[in-house]
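In: Compute the structure for the input listed below.
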Amino acid sequence: MDMEKICRGNYSQEHNIWTIHYNTEIDKFLYAESIPAQGQPEFVVIMGGIGCGKTTLRKMHYGNKHVVIDAGEIFSNLCDPEVFTFGDILNDAVEDIGYILARQAIAERRNIVSEVVGADNLQVLKEVLGGMKRLGYRVILKAVDCSVEQAIERHKNQDPGNISAYFTESYQLRWIASAIEDKEDRQQEIEL
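Out: Got it, this is the predicted structure:
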């Protein structure tokens, strides 16, 4: 299985210039429908192994009703249509956009969805889940599973711009954890 992840992008090698409009990139994830009409916002975490269908489930059931916190999706949006390796070029922009997106989604009490494999970052995931509960979110965990054969077949047939949560979950959990901390710090300042 080839673990190098790539995507496409609008990079001009001739001029070695990359222009990124952060607000435009962030707005791609902030659908009006992601603000709950009434009641408690949701924080959905879709967990499962590589190639088991986390992204398929997310797109089928959470679509534009949740802000997607996904480093791979941010990266793919930035790169389209050129080809780059995830985690190399554009890493600073991905980090900035992801953190700002998480912070804004939490500040505006929007529904949020993210994907994780979960094995390597279990403690951070537990802290994030607890933090989202403290902020008044309804936390929903969705487990996705399939056979090894199905996962291998799905991986072979996936779009090369689809970057596994195996590579991206540490970004997402870090952004959400930082946004939770910022929100709790602001709440404490208001109380003083």
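In: How many residues are close by Gly136?
Out: Counted by other Cβ atoms under 10 Å, the residues lying close to Gly136 total 9. From N, CA and C alone the C-beta is placed, and that goes for glycine too.
In: What residues does the nearest residue to it once chain neighbours are set aside make contact with?
Out: Nearest non-adjacent residue to Gly136, counting by Cβ to Cβ, 6 or more residues apart in numbering: Gln40, 6.3 Å away. Residues near Gln40 by Cβ atoms under 8 Å, 6 or more residues apart in numbering: 136-138.
In: and Val117, how many neighbours does it have?
Out: 18.
In: Repeat that for the one 4 residues further on.
Out: Burial of Asn121, expressed as a neighbour count using other Cβ under 10 Å, amounts to 17.
In: Show which residues not belonging to the helix or strand that contains Glu153 make contact with it.
Out: If you go by DSSP states H and E, Glu153 is part of helix 148-157. Residues outside helix 148-157 that contact it (Cβ under 8 Å, 6+ apart): 1, 49-53, 146.
In: Would you write a PyMOL line that selects the buried entries of those residues?
Out: Buried residues among the contacts of helix 148-157 (16 or more other Cβ atoms under 10 Å), as a PyMOL selection:
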select buried, resi 49+50+51+52+53
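In: And the contacts of helix 148-157, which is the shakiest by pLDDT?
Out: Lowest-confidence member of those: Met1, scoring 25 (pLDDT).
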